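Enquirer: Prediction below, plus the sequence it came from.
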Amino acid sequence: MTTITDRIAAAPISWGVCEVPDWGYQLNPDQVLGDMRRLGVAATEFGPEGFLPQAPAERAQVLSGCGLKAVGGFFPLVLHKADHDPLPEIEAELDAYVAAGATTVIYSAVSGEDGYDERVQLDDDQWDVFFANLDRAREAAESRGITATLHPHVGTLIESRDDVERVLERSTIGLTLDTGHLFIGGTDPLQLAREHGDRIRHTHLKDVDNAMAQRVRDGDLTYYEAVVQGMYRPLGQGDARIGDIVHALEDQGYQGWYTMEQDTVLPDVEAVHAAVADVAESIEFLRSLDRP
């Protein structure tokens, strides 16, 4: 059985690299992947479209050249519109997963609008379309030997506790347990890990300042504003009970990646030093959770 340390991965968003327009200063792959390797991270997620090469062989070459394994990546999809077929874009992206040896695709059910400050409410027919497409998306990944997960996320169709329960009841897809987005959306990630550990296929670890998260819930801050103001903390320094969550998953036999995916906005290139320091602190905290 592998240790927690063996399964520490990272995501470019911890360096401020994001698909949302005007999301701060954007670093290049050489710096981000180089930092990951120097910090002792074993694997990385792909990051947003355009961060790594689109061509499957080229993407695989970049990662192997840095000595990093490929986890897979966060993949925003529009799943609720009857006149939109998500399968062609899924199939094209899965080619790169196979080439790079990635194991996990992380679907996110987005509205189709930029950003995560607003969400769409669906009617019954749209929910039916959503779940039919979600099943197709899961089957497409599994047919290529890739584990499909759905990522509850602030500002998407699956945000609240009721949304998560709906997915658990109406689909068999595995979940990405994102401790930050679940926490902000009103789902206790520790309770979810304990009660539905068999559905957790991947993790995104964020620690959260609860007072600031409550301001997002109350509408006093947008998600973006809260990230800028430091809602996410190095692992072990917030209110999300990361240590308890990790041990709950380990107790149930979880053997997936622990991906540090702490959303960050860099105002300029100088801010990268603080972001890297936060990642380093988070790595040390995760390593401390390994049991003898």
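Expert: Structure's in. What do you need?

Enquirer: mind listing the helices for this protein?
Expert: Ranges of helices in the chain, per DSSP state H, are 29-38, 56-66, 87-100, 124-142, 161-170, 179-185, 189-195, 210-217, 223-228, 242-251, 272-288.

Enquirer: Go through those and pick out the most buried.
Expert: Among the helices of the chain, helix 179-185 has the highest mean neighbour count (mean count of other Cβ atoms under 10 Å), at a mean of 26. Every residue, glycine included, has its C-beta placed from N, CA and C.

Enquirer: Next one, pLDDT for Met1 please.
Expert: On the pLDDT scale, Met1 is placed at 59.

Enquirer: now do Phe75
Expert: Per-residue pLDDT puts Phe75 at 92.

Enquirer: From Thr44, how far out is the closest residue in space to Gly67 that isn't next to it in sequence?
Expert: Take Gly67 and drop its neighbours on the chain: the residue closest to it by Cβ to Cβ, 6 or more residues apart in numbering is Arg37, 5.6 Å away. From Arg37 across to Thr44, the span is 9 Å (Cβ to Cβ, to the nearest Å).

Enquirer: any common contacting residues for the two?
Expert: With contacts defined as Cβ atoms under 8 Å, 6 or more residues apart in numbering, the residues shared by Arg37 and Thr44 are Leu68.

Enquirer: dump the residue contacts of the closest residue to Ala271 other than its chain neighbours.
Expert: Nearest residue to Ala271 in three dimensions, chain neighbours excluded: Tyr25, at 7.1 Å (Cβ to Cβ, 6+ apart). Residues in contact with Tyr25, defined by Cβ under 8 Å, 6+ apart, are 16, 266-269, 271.

Enquirer: same question, Ala148
Expert: 104-105, 107, 137-138, 140-142, 173-174, 201.

Enquirer: Over to Gly253?
Expert: Gly253 neighbours (Cβ under 8 Å, 6+ apart): Gly197.

Enquirer: With Ile158 instead?
Expert: Counted by Cβ under 8 Å, 6+ apart, Ile158 has contacts 109, 150-152, 164, 166-167.

Enquirer: returning to that earlier point: for the contacts of Tyr25, which single residue is the most surrounded?
Expert: Using other Cβ atoms under 10 Å as the neighbour test, the contacts of Tyr25 are led by Gly16, with 22 neighbours.

Enquirer: From Glu169, how far out is the nearest residue to Thr2 once chain neighbours are set aside?
Expert: Among residues not flanking Thr2 along the chain, Gln255 sits closest, at 6.5 Å (Cβ to Cβ, 6+ apart). Using Cβ to Cβ, Gln255 is found at 26 Å from Glu169.
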